[in-house]
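# Sequence plus the predicted model coming up.
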Amino acid sequence: LRPYATPELATHRMLARTCARLSLRAMRVSSTFNVTHASGSSVFGVRLFSSRVQAPISSGFSHGDVYNPEGSAMSPKKACGCPKVFLSPPHYIQGPKVLASLGRYTSKLLSAKKVGVLIPEMLKDLFGDTITKSLKDANIEVKWANFGNIPSREEIGRLVEEWKDEKLDAVLAVGGGSCGDCGKGVAFHLSTHCVIVSTQAATDAPCSALSIIYTPEGAYEGGWVYPQSPNIVVVDTDVILNAPIRSLVSGFGDALSTYYEARTCWENPTALSMCEARPTATAFAIGKQSAEMLYANADKAMQAVAKKDSSPEGMAALESVVEANTLLSGIGFESGGLAASHAVAQALSWIPSVHHHHLHGEMVSMGLLTMLCLEQTAGLPGRKEELQQVGEFLVKVGLPVTWEQVHFDPTDQASIDTFMDKTMEQWFCHNEPFPVTKDLIMDAWKAADAYGKTLVAKHGDAPYKKIHKK
């Protein structure tokens, strides 16, 4: 028997279960601590275990359990009576020298009196004085902690244990995507606000309700999802101007793919966003705007970073691509959805030769070429022209477009097997509007490399070599 024979029954069942889950979550919270701050804003997470914390297994939260009538265990994941869902940070703050106002933002928006600051030692040397003064001026007490470079369950557990009795009003994670992911996990398990201070624009992670978790040795372990995005995201474009250009360009790869993957999910009525719900038109439009801003401003922004050019023209271009990389892409991928591009990128992260040499956005660059080749072969309209536009953009900014550039060895059968298996394992790979098989993925992967070689032959590889210092 089909449990949800009609849309009405499915909707009623989902509503009842959503209310029950949220009520249970509220009861868990109210029995241990007060989650309403004086600011009236909600905290980032809820406590799911006792005060003695060591290496939490997961966030314990699933979007699918809330929004999908079939639940998170559904396999393969398909939209069956799902609503549209949109997630975003309540506050996104970007501009030059905004780091100096971090204390004011945290105090005024979150009514914070005591915070924990998670930051790598090197960045504390660079920005510690600015952060200290800003928080002190806002009468905020600070507890510092060094980020150990890898967002693992063990690292999150260590920090939760260190701060569990401090009664922090917020966790401030200062650094790149890994530090932010760790900070989200710590804030969630401490049931407090989360503030992400991004010091590079390499990925769209800062705005998402998601952490990518690794083993202590650096191997990919999985993703943790949270009920909401970070409470505040702060991006100082003066800091980005002086960060390595490679991190900015890597962000281009991640952000450009957002539109094309969101478009695939939007056009496929059975596809799910990363909220395990149907994508919204808003997220799709935001993803498209992200790509358009990159096409229009990437070259000028790269010149500004290379020359440390803080002129109005240079900073305007940089502001545009930073917003595209961070805010627009972050909202676009999560509420718009992922597809084969990120499935390929995640698979590449399992291959040591790739993982050790490349940033996430550089892997997504190859994933996007592969996805467009895959969709072109399936006969989806417009892909041939898009493949040309995307390919020329990637090669001109210095992102990888061939197996050689991404350090993929086609003679290593173990790498090929891992790549194929891990690509197929990513549930969002099957957001494509046709059945995806290993043979189709391998053919598209080969086609992407072949096309990339024609791009390099036509345009050269000087930008890639400059970015990678070869």
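Looks like it came in fine.
# Relative to E432, how far out is A378?
A378 sits 8 Å away from E432, going by C-beta to C-beta, to the nearest Å. C-beta: built from backbone N, CA, C; applies to glycine.
# So which of these two has more stuff around it?
When A378 and E432 are compared for neighbours, E432 comes out ahead with 22 against 15, by other C-beta atoms under 10 Å.
# so what's the more buried one up against?
For E432, the contacting residues are 264, 268, 339-340, 374-375, 378, by C-beta atoms under 8 Å, 6 or more residues apart in numbering.
# go with 6 Å
Contacts were defined as C-beta atoms under 6 Å, 6 or more residues apart in numbering; by that measure E432 touches 339-340.
# measure it to E375 for me?
7 Å.
# now swap in S349 and tell me
In terms of C-beta to C-beta, S349 sits 22 Å off from E375.
# These two: which has the busier surroundings?
E375 (26 against 18).
# Now do the same contact list for that one.
Contacts of E375 by C-beta under 6 Å, 6+ apart are R383.
# repeat that for 8 Å
Taking C-beta under 8 Å, 6+ apart as the test, what E375 contacts is 264, 340, 383, 432.
# Mind telling me what element it is part of?
Per DSSP states H and E, E375 falls inside helix 360-377.
# Just the CA trace of that helix, in PDB.
Taking Å, rounded to 0.1, in the frame of the first residue of the first chain, the C-alpha atoms of helix 360-377 are listed here in PDB:
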ATOM      1  CA  HIS A 360      37.600  22.700  -3.400                       C
ATOM      2  CA  GLY A 361      36.800  25.200  -6.100                       C
ATOM      3  CA  GLU A 362      39.500  23.800  -8.300                       C
ATOM      4  CA  MET A 363      37.900  20.400  -8.100                       C
ATOM      5  CA  VAL A 364      34.500  21.900  -8.800                       C
ATOM      6  CA  SER A 365      36.000  23.500 -12.000                       C
ATOM      7  CA  MET A 366      36.600  20.000 -13.400                       C
ATOM      8  CA  GLY A 367      33.200  18.900 -12.000                       C
ATOM      9  CA  LEU A 368      31.400  21.600 -13.900                       C
ATOM     10  CA  LEU A 369      33.000  20.800 -17.200                       C
ATOM     11  CA  THR A 370      32.100  17.100 -16.600                       C
ATOM     12  CA  MET A 371      28.500  17.900 -15.800                       C
ATOM     13  CA  LEU A 372      28.000  20.100 -18.900                       C
ATOM     14  CA  CYS A 373      29.500  17.300 -21.100                       C
ATOM     15  CA  LEU A 374      27.200  14.800 -19.400                       C
ATOM     16  CA  GLU A 375      24.100  17.000 -20.000                       C
ATOM     17  CA  GLN A 376      25.200  17.800 -23.600                       C
ATOM     18  CA  THR A 377      25.400  14.100 -24.300                       C
END
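# chain center to stretch 430-447, what's the gap?
Averaging C-alpha positions (C-alpha atoms, centre = their mean, to the nearest Å) puts stretch 430-447 23 Å from its chain's average.
# Now that stretch: buried residues?
430-433, 436, 440-441, 444-445, 447 (16 or more other C-beta atoms under 10 Å).
# for stretch 385-393, same thing?
Those would be 386-387, 390-391, 393, for stretch 385-393 by 16+ other C-beta under 10 Å.
# any chance of those in JSON lines, plus pLDDT and distance to P279?
Output for the buried residues of stretch 385-393, formatted as JSON lines (pLDDT from 0 to 100; distance: C-beta to C-beta, whole Å):
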{"residue": "E386", "pLDDT": "97", "distance to P279": "19"}
{"residue": "L387", "pLDDT": "97", "distance to P279": "23"}
{"residue": "V390", "pLDDT": "98", "distance to P279": "20"}
{"residue": "G391", "pLDDT": "98", "distance to P279": "25"}
{"residue": "F393", "pLDDT": "98", "distance to P279": "24"}
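# Pick the one among those closest to M122.
F393 (31.8 Å; C-beta to C-beta).
# Tell me where the stretch 301-450 of the chain has helices.
Using DSSP state H, counting those that start in this stretch, the helices of the stretch 301-450 of the chain run over 312-323, 329-336, 340-348, 352-355, 360-377, 383-397, 413-425, 438-459.
# now the angle from the second one to helix 340-348?
Taking axes from the mean of the first three to the mean of the last three C-alpha atoms, to 10 degrees, one finds that helix 329-336 is oriented at 110 degrees with respect to helix 340-348.
# cool, the last one as well?
Taking the same axes, to 10 degrees, one finds that helix 438-459 is oriented at 90 degrees with respect to helix 340-348.
# So which other helices or strands are in contact with helix 438-459?
Under the contact definition 3 or more C-beta pairs under 8 Å, 6 or more residues apart in numbering; DSSP states H and E, helix 438-459 sits against helix 340-348, helix 360-377, helix 383-397, helix 413-425.
# hmm, 6 Å instead?
In this structure, helix 438-459 makes packing contacts with helix 360-377, helix 383-397, judged by 3 or more C-beta pairs under 6 Å, 6 or more residues apart in numbering; DSSP states H and E.
# Alright, I will stop here.
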